[in-house]
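Colleague: give me the fold of what follows.
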Amino acid sequence: MNWQRIQSDLISAKLSLSPAPYPDLPALTIAIPFESSAGWSAQTSFLRSVCIALTKTAHPRSRVLLLSLSAAGAAQTGPADICNDTLLLPREIWRNQKDRFALLKDLGVDCILNLFGPPPETASGIGVVGWIPDFQHFRMPRFFADQERASRDRQFSEILDNCHRVILSSQDAERDCLRFRPPAAAKIRVHPFPSSMALQTMPKRSPASVLQKYHLPEKFALVANQFWSHKCHLTVVAAARMLAEGGLRVPFVLTGLPSDYRDPANAIVSKVLQEISMGGLRDCVIPLAQVPYADLIALLRHAALVVQPSSFEGWSTTVQDAKALGRPVACSSIALHREQAPNAVGFFDHQRPEELAELLRTEWERLQPGPDENNESIALDAEREFADQYGRALWCTCFEAVAAAKHQTAAV
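Modeller: Numbers count the residues shown, from 1 in each chain. Down below sits the predicted model:
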C-alpha cells in the first residue's frame, strides 16, 4: 500500500470523498479511548455522535472500536449505548506502554482517535488523531486558575506536537490555535460536529406533556446551557427585567447543569436565583436546571426562540440542536456564533442585556411556539446530510494520519 501517495492525494482532494465504501481507500480499524468525566455533561453525547457518524460512513471492512477505560476493580459496565463495538478495559492497561502496544497489535488498530486528554504513545505506523474542543483558557484566562491554564497549555501542546492530525470544531478555534501554536498549521483539520439528533432516533415526547409537567407557559424562550461563568445567564435575567419594566413579560426557561467546577461555591447559580427573586421575575425566568434528555428535546421543539448568550463557545451544541430542529435562535455576537448561525434571528453583545431586550421587543410578537413539523423535517434532513459529511471527513482525516505515520516510520 503506497501510503505516501494516499496522503498526498487526500491533501489535494483527489481521492473519493463520496459515501462509503470509499473505493479508493483501504479499510481501517479506528480505536477511540474513553474515560467518562463528570465535569462535562455533553461529553457522552458528543462521543456517541462521533461513533455513529463514523459507523454510518465506514468502509464495509473497517471497524470503529470504543475502548471504555475504568479503574481497576471498578464495576465493568461500559457505555454500550455509545458504540456497538465496545471493549471494557482497565485504564491501567492503557496507561502501561508495553500493555498498550500489545493491545493495539492484537486488535489490529491502524489509527487512534484520541478525543479526550493527551495523546498516547503508540507503536510506529499507527496514526493518531487528536481533538481540541476550544482554546477558552487561552482566550479568556480569567476563568481559569494558573495551574489549570498551565495544564491545558501542556496538554494542547502535546496534542499539536505529537498527533499526526488535529481536529478543531470551528474556524474560530482554528484562529486561536494558530495563535497558540503556529507551527501546527499543517496538521489542523476543521470539522464542525452535527447535532446528535441527526444521528440517533430522536425522543418524541409530547411537548404539551412536558409543559404541563413543569407548569410552563405556552410561549417561552429557552436558554439551554450549563450554569458556567462564561454562559452569561445574568445577561438574560437583566434583559428579562428590562422587558418587564417596559410592560413585556417574556418567559425564559433555563435548563442545564447548575454548577461550574471552577466555582465550587456555586456563586453564579446563587446570583442568578437571587436576581430573579429580587427583580420580581419568578414568572419570567424559570430555572429548571438539568432535565431528562427527552424533556430537553421537547422543550427545544416547542420553544418560540432559543437564546444562546454565551461569551465563548468552541462549537455550540445548543445552537446546532436548534438548527437541526428548525427553531429560531438569537445569539451573542461572538465570532463563533456568526460562523455557526449566520441566519440567526439576531445577535447581541453578551455584556449588554439592553441589546437582547431590544431584540426581543422587536421579534417576540411574530415568533411562534413549535413544533413546526414541516420546518423540522426539512431541517433534520439537512442536518443528516451534514452528519454524513462529518463522518466522511473524520474517516479521511484518519486516513491522512495513518499515511503520515507510515511515512514517518519509513523515513526513520
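
Colleague: domain ranges for the chain?
Modeller: Domain assignment for the chain by automatic domain parsing gives 3-198+386-405, 219-368.

Colleague: confidence-wise, which of those domains is weakest overall?
Modeller: Lowest mean pLDDT of the domains of the chain: domain 3-198+386-405, a mean of 84.

Colleague: tell me how far that one is from the chain's mean position?
Modeller: Relative to the centre of its chain, domain 3-198+386-405 is centred 13 Å away, using CA atoms, centre = their mean, to the nearest Å.

Colleague: my guess is residue 54 contacts residue 66. True?
Modeller: No: using CB atoms under 8 Å as the test, residue 54 is too far from residue 66 to be in contact (10.3 Å). No exception for glycine: its C-beta is placed from N, CA and C like everyone else's.

Colleague: these two: who's more crowded?
Modeller: The neighbour comparison of residue 54 against residue 66 (other CB atoms under 10 Å) goes to residue 66, with 26 against 23.

Colleague: now residue 255: phi and psi?
Modeller: The phi/psi pair for residue 255 (degrees, to the nearest 10) reads phi -120, psi 150.

Colleague: wait, it sits on residue 221?
Modeller: No: at 11.8 Å, residue 255 does not count as touching residue 221 under the criterion of CB under 8 Å.

Colleague: what about the helices in the stretch 1-150 of the chain?
Modeller: Along the stretch 1-150 of the chain, the stretches classed as helices by DSSP state H, counting those that start in this stretch are 3-11, 43-56, 91-95, 97-107, 136-139, 146-162.

Colleague: pick the most buried one from these.
Modeller: Ranked by mean neighbour count, these are led by helix 43-56 with a mean of 21 (mean count of other CB atoms under 10 Å).

Colleague: which one, of the helices of the stretch 1-150 of the chain, ends up nearest to residue 130?
Modeller: In terms of CB to CB, the element of the helices of the stretch 1-150 of the chain nearest to residue 130 is helix 146-162, at 4.0 Å.

Colleague: list the buried residues of the lengthiest helix in the chain.
Modeller: The helix that spans the most residues within the chain, counting by DSSP state H, is helix 373-411. Buried residues in helix 373-411, counting neighbours by 16 or more other CB atoms under 10 Å, are found at 376, 379-380, 383-384, 386-407.

Colleague: which residues does the closest residue to residue 66 other than its chain neighbours contact?
Modeller: Distance criterion CB to CB, 6 or more residues apart in numbering; nearest residue to residue 66, sequence neighbours excluded, is residue 83 at 3.8 Å. Counting by CB atoms under 8 Å, 6 or more residues apart in numbering, residue 83 touches 32, 48, 51, 55, 64, 65, 66.

Colleague: thinking the third one is in contact with residue 31, fair?
Modeller: No: taking contact to mean CB under 8 Å, the distance of 11.5 Å between residue 51 and residue 31 leaves them out of contact.

Colleague: residue boundaries of the strands in the chain?
Modeller: Secondary structure of the chain (DSSP state E): strands at 29-34, 63-70, 86-90, 111-114, 127-131, 165-168, 188-190, 221-224, 252-255, 285-289, 305-308, 329-332, 346-348.

Colleague: let me know which of these is tucked in deepest.
Modeller: strand 305-308 (a mean of 27).

Colleague: for residue 197, see how far away the residue nearest to residue 294 when sequence neighbours are not counted is.
Modeller: Leaving aside its chain neighbours, residue 294 sits nearest to residue 203 (3.8 Å; criterion: CB to CB, 6+ apart). Distance of residue 203 to residue 197, given as CB to CB, to the nearest Å: 9 Å.

Colleague: more neighbours: which of the two?
Modeller: Set residue 203 next to residue 197 and count neighbours by other CB under 10 Å: residue 197 wins out with 23 against 13.

Colleague: ok, the more buried one - contacts?
Modeller: 297, 321, 324, 325, 380, 383 are the contacts of residue 197 under CB under 8 Å, 6+ apart.

Colleague: please enumerate the helices of the stretch 201-350 of the chain.
Modeller: 207-214, 233-245, 267-278, 293-302, 317-324, 335-340.
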